[in-house]
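# Output the structure for:
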Amino acid sequence: GVAALKRGGNFLELCSGDGFNTFHYYRPFANKIVAVDFDETAIAHAKRYNAAENINFLQRDIRDAFPQGQFDNIMWDAAIEHFTEEEIATIMANIKNALAPKGILSGYTLVEPPDGGKHLHQHEREFHSMQDLANFLEPYFTEVRIFETVHPQRHNLYFYAADNALPFDNDWAHGMRISKSERDEK
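Sure thing, here's the model as predicted:
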């Protein structure tokens, strides 16, 4: 997810938990981060152990108290699966309103177990596959990229969505693509 972060940008982290990722992964790249979670104890822990000048931890339930502002990046790691499809649709509308014109949504989620159950009883919507997640994101964004990692105990989907270039596109400002023929010429 760090490849998609606008250096010196304003970030929103949804469902930030104890703030570990906020502090260690996102803070070094951010001008400002708003990190929200509905869990009072997680936010208290974050404020105590992962505080920094450019981080504002807020206790919020994003279903009905979505943070205001414009953000270059919105990160939603390991949490989309905790919401129903209807809740996700409402949250996605709020994400679209909060993203700056060249903003990017990124995050990851689990693939449901092969037996069709759920990894945790708190999960409302686990996705079946990359295509299942893509089908859900594509109505909201013109560009969607999904990658997967498959391990014996965990199958993750990593997603990036925007209405502009993504980190894996040819015209991404922080990347370069060289063809095999160009490498051979060097």
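# What residues sit buried inside stretch 11-28?
By 16 or more other C-beta atoms under 10 Å, the buried positions in stretch 11-28 come out as 11-19, 21-23, 26-27. The C-beta positions use only the backbone N, C-alpha and C, and glycine is treated the same way.
# the helices in the protein, which residues?
Using DSSP state H, the helices assigned to the chain run over residues 20-21, 40-49, 85-98, 130-137, 180-185.
# Asp163: which of those is closest?
helix 85-98 (8.6 Å; C-beta to C-beta).
# what is the mean pLDDT for that closest one?
In this model, helix 85-98 has a mean pLDDT of 93.
# Packing partners of that helix?
strand 71-77, helix 130-137 (3 or more C-beta pairs under 8 Å, 6 or more residues apart in numbering; DSSP states H and E).
# Pipe the helices of the chain into a markdown table and attach distance to Phe71 per row.
A markdown table is the format used below for the helices of the chain (distance: least, C-beta to C-beta, whole Å):
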| stretch | distance to Phe71 |
| --- | --- |
| helix 20-21 | 16 |
| helix 40-49 | 18 |
| helix 85-98 | 5 |
| helix 130-137 | 17 |
| helix 180-185 | 36 |
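# Please identify the deepest-packed of the helices and strands packed on helix 85-98.
Of those, the one with the most neighbours on average (mean count of other C-beta atoms under 10 Å) is strand 71-77, at a mean of 24.
# That one to helix 85-98, inter-axis angle?
Interaxial angle of strand 71-77 relative to helix 85-98 (axes from the mean of the first three to the mean of the last three C-alpha atoms, to 10 degrees): 160 degrees.
# Tell me the strands beside the top strand by length along the chain, with direction?
If you go by DSSP state E, the chain has its longest strand at strand 99-110. Taking DSSP bridges as the criterion, strand 99-110 forms sheet pairs with strand 71-77 (parallel), strand 155-162 (antiparallel).
# and that strand, which residues are buried?
Residues 99, 103-110 are the ones in strand 99-110 that count as buried (16+ other C-beta under 10 Å).
# how about Glu138, what does it touch?
Glu138 makes contact with Val144, according to C-beta atoms under 8 Å, 6 or more residues apart in numbering.
# before we move on, the earlier item: just checking the distance from the longest strand of the chain to the centre of its chain.
5 Å (C-alpha atoms, centre = their mean, to the nearest Å).
# For that strand, which outside residues touch it?
Here strand 99-110 makes contact (C-beta under 8 Å, 6+ apart) with 1, 4, 6, 10, 14, 70-81, 95, 119, 123, 126-127, 133, 141, 154-164, 166-167.
# about what we covered before: okay if I get the strands paired with strand 99-110 as a markdown table plus distance to Tyr49?
Converted to a markdown table, the strands paired with strand 99-110 look like this (distance: least, C-beta to C-beta, whole Å):
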| stretch | distance to Tyr49 |
| --- | --- |
| strand 71-77 | 18 |
| strand 155-162 | 26 |
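# Lowest average pLDDT across those?
Lowest mean pLDDT within those: strand 155-162, at a mean of 89.
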